[in-house]
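Participant: Give me the fold of what follows.
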Amino acid sequence: MPGDAKAPRVNNRFACIVDRDAVALAAVISSYLFKPGSYLPLFLFPRVEVPKADDAAFMTESYVANLMADQDGILIGNALARIGRSEYVILAGLTEAQKSYLVLPKRSKLIEIVDLSDIPPNLSPLTLPTRGELRCRTSDLLNGLFVAQKRQKRLVIDEGAQALPEVVSLQKGMVVVENVADASPVVAINYANSVGASVLIVDSLARNERRDVQGWIQDWKENDDHAQFEKLKDAVWRRIRSTSFTQFEYATFFTEGLPYSLILENVIPCSHIHLSLRPDLFILNSIMSEDRENFHAAVVFSPVFFPDEETNWLCDFFTRNKCCLRALIGEEASLANFDFHAQYFPYDLLHICSHGGEVDGYEMSEQFVDRDGNAHLVEFDEVVGFTPVPDKLDMVAVHRKVFPRKLDGFAWMSAELEKQTMPGHVCLAMWKCMIESRGQRKKKDRIAMSCAIACVDSIHQGQFNTLGSQSSPLIFNNTCWSSYEVASFFLACGATGYIGTLWAIDNQAAVVAAQTFYENLFFGPVLTAFQKAMKAIDATGSKDIYIYWGFHFTTLSPGQSVEESQSEVCKKLVRAVDAWVRKIESTKSAEVRTNSIKVLKSILRELLTSFDSGEMRTFELEVKSRLPELSQTRVSRGTQEHESPSTRSSTNCPIECRTAKRRQ
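Facilitator: Predicted coordinates for the structure are as follows:
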């Protein structure tokens, strides 16, 4: 078991931001800057062709570019602030449009790399002496990077290179990396060498495999169709059959969604990292979180749907371990409470005990006309949730998520649709049509990929902008079917670990697994506690049901005193208020300003409710003096570099207000 596991150090001399599709640039730069025993902060930036613009019109190319890139720019800026001042920031393969979304540290030296020829003259003088070059073909780039870093050589791409030497390196850990088409596997290789792990590079998932994994498990479990399980089993074994995992202490799988641990039956402690959900930020946040003190705060969420559940035991557990506990139980387990606490209340751990999985919704279809005047038909599903609007008792906020199913009769994401080679603006018009649709709805059971969390008053669909007031928490979502759609929001928004279920879990097994996990949580890595929880339910029908997205070194600790834990939470909330005020003061976007003020009011309300004092009321007056919306006086702000809050909108999740009488 990885009981003595430690996170690698962060190489804080360099930070590199590279175009996500520039695989060769990312690999060669990584070979130059690699330092044994440390992790190189390599950030992947999405390809956008339109520069940042304030108040872009809804669902225009500029609006979508802002959705894609602005959030990444904020998160990368926050990561750089967490690291502290890097001596050098390297921009590789980025266009002027991409660079417009970045806020870079002012005191760092900037190096721009356009292509491979720029690397030697710019980076050679700055790096440690190496042991020569390693040449490899583009087709063997990941193996080349792995070998080059192991041998401290600089990687050179040469299509006439000889076959790479075999590296036999049996280490404590095994890192399996799916060779997807972008630069995320380069990030995985950098991580693997930073912890000194063995590496196995395997084929990426085909498009149909990525779509079908959940369907295979669903048909296997709900229809007793073992042929579907065999498909899943084959997809895993085709990639890892040649490896004996029992010779390792742990395994980490960088994947687009294959549950390797299920097929391996957790023979050793297994964890997963999602290659499509910001693995660069996930790695760095996880490493940096090990170097800071925990908040020693926990949120327990349960509408109490089950006569026998772990909720009361958990509340007692966190109290005994001197944590600041926020218990959202029974009537307190509302959608509004869950949404606020999940995103803006500082915590190390969120435990969810509720119903989960796919939910009912509606079938819809709409016609739209693209900018070339061509008519199209989109068929889609819709899931709707409701929550009361604060201070407006006669209104409810309507949360919608839409799922395209067919466009002009072709199945969404199918090879047949791809062959139509429709221009990108057609897709934009389609999403705008679905989001703004007010057409006839036809009731439909179980919307595929909907995966929501049941609250006492409605459903939450997991659409988050941030988590735990950007505190990089651990999430234990002890609901059914919780490792799919809803998991992606938690993983992409800053969690350092996420535990979910691959199918519908038996309630008693869920209770046993949760109690076993927490009983062991503070005595070693999260992965060790997770493995013990898995073994505790080995003899049940829920064997191997859980999947852990995270690292083998992640740890949490108990609090020293409840008062100290509460004080840390209060300090974090005060810092969050200051960050939101600065965000509101600096933004030029009316949408961001409006959304930020709503969040700010909620955090201030939390401070005044839970930490009411004369000092806090004075703080409230100071905040109001800085914002015209709260008062008429504004004061100057400091020049320090800080992390920034996020107010990303989602094309899948518009929020509107309707009169409460129209609630369905």
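
Participant: what's the single longest helix in the chain?
Facilitator: Scanning the chain for the helix with the most residues, using DSSP state H, yields helix 562-586.

Participant: Could you name the helices and strands sitting against the helix or strand just after that helix?
Facilitator: Next along the chain after helix 562-586, taking DSSP states H and E as the criterion, comes helix 590-610. Helix 590-610 sits against helix 335-344, helix 562-586, helix 614-626, with contacts defined as 3 or more CB pairs under 8 Å, 6 or more residues apart in numbering; DSSP states H and E. No exception for glycine: its C-beta is placed from N, CA and C like everyone else's.

Participant: With mean neighbour count as new columns, can these be given to me in CSV?
Facilitator: As requested, these are exported to CSV (neighbours: other CB atoms under 10 Å):
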stretch, mean neighbour count
helix 335-344, 21
helix 562-586, 18
helix 614-626, 14
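
Participant: Check those helices for me: which has the lowest mean pLDDT.
Facilitator: Mean pLDDT values for these show the minimum at helix 614-626, a mean of 86.

Participant: Dump that one to PDB, restricted to CA.
Facilitator: Taking C-alpha atoms only, helix 614-626 is exported to PDB below (Å, rounded to 0.1, in the frame of the first residue of the first chain):
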ATOM      1  CA  GLY A 614     -18.900  43.800  15.500                       C
ATOM      2  CA  GLU A 615     -15.800  43.200  13.500                       C
ATOM      3  CA  MET A 616     -17.800  41.400  10.800                       C
ATOM      4  CA  ARG A 617     -20.400  44.200  10.600                       C
ATOM      5  CA  THR A 618     -17.500  46.700  10.200                       C
ATOM      6  CA  PHE A 619     -16.100  44.500   7.400                       C
ATOM      7  CA  GLU A 620     -19.500  44.600   5.600                       C
ATOM      8  CA  LEU A 621     -19.600  48.400   5.700                       C
ATOM      9  CA  GLU A 622     -16.100  48.500   4.200                       C
ATOM     10  CA  VAL A 623     -17.200  46.200   1.400                       C
ATOM     11  CA  LYS A 624     -20.200  48.400   0.700                       C
ATOM     12  CA  SER A 625     -18.000  51.400   0.600                       C
ATOM     13  CA  ARG A 626     -16.100  49.900  -2.400                       C
END
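
Participant: Please state the offset of that helix from the chain centre?
Facilitator: 34 Å (CA atoms, centre = their mean, to the nearest Å).

Participant: That one vs helix 562-586, what angle?
Facilitator: 10 degrees (axes from the mean of the first three to the mean of the last three CA atoms, to 10 degrees).

Participant: How much space separates residue 291 from residue 8?
Facilitator: To residue 8, residue 291 is 11 Å away according to CB to CB, to the nearest Å.

Participant: whoops, I mixed them up, residue 512
Facilitator: From residue 512 to residue 8 the distance is 34 Å (CB to CB).

Participant: Comparing the two, which residue is more hemmed in?
Facilitator: Shown here are residue 512 and residue 8; by other CB atoms under 10 Å, residue 8 has more neighbours (21 against 17).

Participant: which residue sits closest to that one in space, ignoring its chain neighbours?
Facilitator: Once flanking residues are discounted, residue 8 sits nearest to residue 194: 3.9 Å by CB to CB, 6 or more residues apart in numbering.
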